[in-house]
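1. Predicted model and sequence below, questions to follow.
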Amino acid sequence: MFNPGMAGINRQQMEQAQEVGRHMGMEITKRRKEGRLEVRFYLLDQSEKLDLGEPVDKLCEQLAWGFSTMFGIKGKIINVE
């Protein structure tokens, strides 16, 4: 089970994140042989005006931090846009 406190997340931040999550979905495509993972966020209601770039930025930072901290893997984030 995930303990938000282990990641430095307090209860209020968790509730705010879950509120955003009520409006979005995600699609994860893995290409195991290529060693590639793609994550696409989408709005559950296309008429809403949420910035999908924000969760992309946060996930990217968390992945980089997590792999660096846990496995010592260093790398870089490449911004395409």
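-> Good, I have the coordinates. Note that the structure is a prediction, hence the values are computed from the model and not measured. Numbering: from 1, shown residues only.

2. Mean confidence (pLDDT) on stretch 49-56, please.
-> Predicted confidence along stretch 49-56 averages 88 (mean pLDDT).

3. sorry, that was for stretch 11-30
-> For stretch 11-30, the mean pLDDT works out to 88.

4. Could I get the full set of strands for this protein?
-> Under the criterion DSSP state E, the chain carries strands at the ranges 24-31, 36-43.

5. Which strands and helices lie in contact with the first one?
-> This means strand 24-31. Counting contacts by 3 or more Cβ pairs under 8 Å, 6 or more residues apart in numbering; DSSP states H and E, strand 24-31 packs against strand 36-43. Quick note: C-beta positions are derived from backbone N, CA and C, even for glycine.

6. quick one on the thing from earlier: can the strands of the chain go into a markdown table with extra columns for mean neighbour count?
-> Below are these laid out as a markdown table (neighbours: other Cβ atoms under 10 Å):
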| stretch | mean neighbour count |
| --- | --- |
| strand 24-31 | 10 |
| strand 36-43 | 12 |
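
7. so which of these comes closest to residue 17?
-> strand 24-31 (10.7 Å; Cβ to Cβ).

8. Mind listing residues that contact that closest one?
-> Residues from elsewhere that reach strand 24-31 (Cβ atoms under 8 Å, 6 or more residues apart in numbering): 36-44, 50, 52, 55.

9. ok, and the closest non-adjacent residue to the spatially most central residue of the chain?
-> Nearest to the geometric centre of the chain sits residue 59, at 2.6 Å (Cα atoms, centre = their mean). Spatially, and ignoring its direct neighbours in sequence, residue 59 is nearest to residue 39 (6.4 Å; Cβ to Cβ, 6 or more residues apart in numbering).

10. Give me the pLDDT for that neighbour.
-> Here, the pLDDT recorded for residue 39 equals 93.

11. swap in residue 66?
-> Here, the pLDDT recorded for residue 66 equals 88.

12. Please determine how far the residue nearest to the centre of the chain is located from residue 19.
-> 17 Å (Cβ to Cβ, to the nearest Å).

13. Alright, that wraps it up for me.
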